[in-house]
Structure formats: structure tokens, C-alpha cells
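Enquirer: 3D model of this:
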Amino acid sequence: MGAFLSTILPKSRRPSRNGALQAQQQEACRPRQTSHEAHPNEHITARNSVTSALHALPTELLLEVHAYIVPHVVTPRVSLHHHQMALRATCRRFHAILPGSDSPTQHWTMWDRRAYSHMLRQASFRTLCAEERQGLLADEKIVCCICRAAHAKRCFTPSERKKDPEKRICIGASGILQICPHNRVTYAGLLLQPISIRCNSAHPSTNTGPSLVRVRETEDAGRREIKVEVALPLCEMQVMWGKEKKGKGKEKLGLKCKVLDGLRKANWSVCPHLHTRFAVEWLPPLMDQNVALLEALPGWHDCSLRCGWGRWCPKHEDRKWPTITCSARNCDTRITLTRENRWDVSGVRGTECVFLKTERYLGELRGADDAKWMAQIVEASRLDEDKFLKLQEIEEGGVEHDGYGDGWEKLGRAFVKRRGEGVQDWEYR
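Expert: Numbering: from 1, shown residues only. Below is the predicted model:
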């Protein structure tokens, strides 16, 4: 009767059983390995018994060796047993005779597990460096000591290629992503989850409204990607509802001048290849005379990838210029101008604000050698505090070029700070 009830009743209402009886039944139901099936690493055990002097020691001596494997200096939050864990995990004989954790739960502490994992990563990295020296890496790859992985040679500068693998750093790991004048981040910084960065500092604008600068994670059709979103107000114009505008041609010309002046005053680096101070060079589709500047499509935008903005497309009525992209290879930067109406309480008078909106897609960031990520970063020496040294290198002609795409040293135009002037004063070289 008890066996019948145990099959139809839930666990909470089944009759209690003896713990030893339950363990015996579970052991009987467990599949057993037949005697003729050998362990896949049986040949390693046989080789250790012949070639390893440590493996041939008696159990008493192995226990003495295990007891003396302790660090010389004992400090808080430092593992005391990771070397013993490594010796115990060497082979099946050591795992059977050497003692495990002495804690009541028989589990290693968090510090022991972290130290042991770090030791394994170091061993894997040394093996990878040895494979590079022996020429065993495929596709002429070389090792990065920060990523502890092998990348293609194009991911390294010529000077880094000459270094030993234990000291070599790839471009993706050493590069800097300039989010805004107040925030910059490296590849290691974006590995911290969740990715949600927003700048609350004031940015250069024409006082027409607040700006938006943020880094967030998006997902479309199961594909994860990181992107930088920026919305900068450029200018505004007074409008009245229900009244026909006069002098449309003059207004069109005036708006064009206001937009260009707002872009110049913003002094914003859209990506490593584009800057707002030279918007005339990269905004010809928006500033062309054949494109009606004021005849942008009004109405509700479809929030899909077809509009070029994905789910970031505004949900209210506005007018948007065509979306343009950066022409540099692997640089996924999208730029557009939008006009938004802001009405007063009466709903008759209001302002029409023009915003510069950009999206910089950084890729899935599965590795520092991601093509999209490498196209969006710059060298640390191209930042503000190192511009004087960079200017001297440019004048002396000592800048390296690795011949990859636009080149690591030729990512767009060089904006170099002049000596003796402020942070916002830049000279085009």
C-alpha cells in the first residue's frame, strides 16, 4: 500500500521512509559502469605510474608533501589552500588519498576558489604563449596579455608585434572609447554588467533643451549589441499654429545657417572620424540644395530598423532628415537631424527645436578584437592630456602606420590642442 501511495500522492503527503532505505534504493536505480568500459584517461594513469617520480611516492610521503604546501605569508583574504587544490586535482590517485576541505560543509572558501581559478587561467595563458613561440597558432595569430587570447596581427600596432607575448597588448584592450568630454571607458569597463551609463553633466548647447548622452545594451532578434546614444539641441525657431509662413526661402537659408552654427558651437566628436566643427564635409546629403531642408517627412515614425533608429525612434509627431552613416570601414555610426515642436499652454505659439541625434553601435563585444569596437576607439595618446606629445610626433613624422584600414594613427582627422590654450580650443592639423 505504501508503494502504491508513493506513486500517486505528492511528496508532501507520501508516507515517511527510513533515510538509509531511500539511499539504498537510489543507489540501486543508479546506472553502473560495466567492468569492460575503461576510463578515457586510463593511459595517462598508466604513464604517470612509470614516468612520474612524485606519483611513485608512498602515501605517507605524499601526505607530508601536501601538509607543507602553504604560502609563506598569511594575510587576510588570501587563499591558503589553492596550491593543495592544484596538487589534489593533478591525477586520480592524488584526489583519492589527499584530504579535501576541512570546513564543516566540505567546500572550499570563496578565496580558495578564486585563487585556484586564477592559477588555471595563468597556466592556460602560459600554454598559449608557448604555442605562439612554437608556431602552432593558426592564421598567423599572436597573443594579447590583457585578453589572454590570440588575435590577428592587424589587431596590434607594429611596436606591439615586436614584444614578447607576456607583454603585448592589442589595440582593442588599450584603446579608449570617448563617450563625451566627461566620460571615457575601455573594453574592460564595458564587461561589467549591466551596461547602463548616463552622463548627467552639462554639455555644450544653445540652451534650447537638455541633452542626452548614454550607453546601453540593446537586443534585437536575440542579438545583443551595445550602443552610444546622443541627442544635442542645436537651435530653435518661433512658430505659430494655423498661420502660413512667409519668406519660406529665406527661412530655409536661415535655418541652414543656424544648424551649421549650432553644430560648430557644439564642438562634439561624433565618432573618431567625424566632428561637428567640420559638419559641412560630412553633411552634404542634409545640406544639398536638391534636398528640401524643411520638407522632411512629418508624421508617426515606424519604430523598426527600417527607419534607421530602431526602438529609439520618437513616438511623437516630429520631422526628421534622412539618416546618414560614417563612411569609415566597420564604423557603424548613424546621424540625423530632427525637428520637434514645443507648444505653450495655449497651443498657439511655440518653438521648433532642431536636435542632432547620433547612434554609435559597438558590436556584441565578445572580444576586444571586434571590428565595430576597434572602429570606435582611439589611442590613449590621442586624449586631451597627451595631445602635446602627439603634436610633436606628427610634426617630426614619427607616427607609425600599420596598414590596416584607415590605420590606427589615421582614424579620421587629427584635432590637436594648441599649446597654452583652453580645453575647448582646438586646431585642425
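
Enquirer: quick one: average confidence on stretch 335-352?
Expert: In this model, stretch 335-352 carries a mean pLDDT of 68.

Enquirer: can you tell me the distance between the two ends of that stretch?
Expert: 19 Å (CA to CA, to the nearest Å).

Enquirer: Domain map for the chain?
Expert: 57-102+110-134, 200-375, 380-428 (automatic domain parsing).

Enquirer: By mean pLDDT, show me the worst of those.
Expert: Among the domains of the chain, domain 380-428 scores lowest, with a mean of 40.

Enquirer: can you give me the helices for the stretch 251-400 of the chain?
Expert: Listed in chain order, the helices of the stretch 251-400 of the chain (DSSP state H, counting those that start in this stretch) span 279-282, 284-287, 371-376, 387-396.

Enquirer: For the third one, buried residues please.
Expert: For helix 371-376, burial by neighbour count (16 or more other CB atoms under 10 Å) applies to Lys372, Trp373, Met374, Ala375, Gln376. C-beta: built from backbone N, CA, C; applies to glycine.

Enquirer: outside of it, which residues touch it?
Expert: The contact list for helix 371-376 (CB atoms under 8 Å, 6 or more residues apart in numbering) reads 155, 171-172, 175, 177, 187, 228, 271-272, 328-333, 360-363, 365, 405.

Enquirer: do the same with the first one
Expert: With contacts defined as CB under 8 Å, 6+ apart, helix 279-282 is touched by Leu260, Leu263, Arg264, Leu274, Met287, Ile324, Cys326, Ile335.

Enquirer: C-alpha coordinates for that helix, PDB please?
Expert: Presented in PDB, the C-alpha positions along helix 279-282 are these (Å, rounded to 0.1, in the frame of the first residue of the first chain):
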ATOM      1  CA  ALA A 279      29.900  69.300 -40.400                       C
ATOM      2  CA  VAL A 280      30.000  70.800 -43.900                       C
ATOM      3  CA  GLU A 281      32.300  68.000 -45.000                       C
ATOM      4  CA  TRP A 282      30.200  65.100 -43.800                       C
END
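
Enquirer: Which single strand of the protein contains the most residues?
Expert: strand 223-240 (DSSP state E).

Enquirer: packing partners for it?
Expert: In terms of contacts (3 or more CB pairs under 8 Å, 6 or more residues apart in numbering; DSSP states H and E), strand 223-240 is packed against strand 177-180, strand 212-220, helix 248-266, strand 349-363.

Enquirer: Just the endpoints, please. Distance across stretch 264-273?
Expert: Start-to-end, stretch 264-273 (CA to CA) is 16 Å.

Enquirer: For that stretch, buried residues please.
Expert: Buried-residue list, stretch 264-273, by 16+ other CB under 10 Å: Arg264, Ala266, Asn267, Trp268, Ser269, Val270, Cys271, Pro272, His273.
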